[in-house]
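Quick check, what structure comes out for this input:
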Amino acid sequence: MRILVPVDGSAGALRAVKHAAAVVKEGAEVQLVNVQPAMPLYGMVRAYMRAPQYRSACAALAEKALKPAVTLLKRARVPHRAHVHYGEPGATLADAARRLKCRAIVMGTRGQGAIGNLLLGSVATKVVHLAKVPVTLVK
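Numbering: from 1, shown residues only. Okay, the predicted model is just below:
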């Protein structure tokens, strides 16, 4: 069984990794996924960076975000793999769960509350609506 855990370097994401490590059963594998923004087709980024430079910069940011989660899972001896995907986070995570054949998603929240989610939206809310597998939110 595979469990997807989105990782963005936040404290909430690390709490989700800890929760997944605590509940994972023997034979299960955690799929850590960091989502980086896709390179815009226009605007300032394109003016200063070519695609390979952009990917390299994003890879460095992803590695920094994933490192604490990988360290935690190694110490807990939980089988895992780390992935970097590009795109809009909510849809990209739901799609990653499908592509990686995950049976569940465990993700952290920022704890904005109902009003904050209503006004600002939330990656967790989008994943809950788009995912075809159960989603556990860790506060």
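
okay, CA-based contacts and neighbour counts for the rest of this
Fine.

what helix or strand is Lys101 on?
Here Lys101 sits in a region with no helix or strand, counting by DSSP states H and E.

Report pLDDT for Ala104.
pLDDT for Ala104: 97.

try the one 5 residues further on
As predicted, Thr109 sits at a pLDDT of 87.

List the contacts of it.
Thr109 is in contact with Gly12, Ala13, Ala124, Leu137, Val138, Lys139, counting by CA atoms under 8 Å, 6 or more residues apart in numbering.

Please, where are all the helices along this structure?
According to DSSP state H, the chain carries its helices in the segments 11-23, 44-48, 51-75, 89-99, 113-120, 123-130.

okay if I get those as CSV plus distance to Ile3, mean pLDDT and mean neighbour count?
What follows is these, written out as CSV (distance: least, CA to CA, whole Å; pLDDT from 0 to 100; neighbours: other CA atoms under 10 Å):
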stretch, distance to Ile3, mean pLDDT, mean neighbour count
helix 11-23, 8, 95, 19
helix 44-48, 34, 63, 10
helix 51-75, 13, 94, 16
helix 89-99, 8, 97, 19
helix 113-120, 25, 50, 10
helix 123-130, 14, 94, 17
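
Any chance of JSON lines for those, columns distance to Val30?
Below are these laid out as JSON lines (distance: least, CA to CA, whole Å):
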{"stretch": "helix 11-23", "distance to Val30": "8"}
{"stretch": "helix 44-48", "distance to Val30": "33"}
{"stretch": "helix 51-75", "distance to Val30": "9"}
{"stretch": "helix 89-99", "distance to Val30": "11"}
{"stretch": "helix 113-120", "distance to Val30": "27"}
{"stretch": "helix 123-130", "distance to Val30": "17"}
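
Perfect, that will be all.
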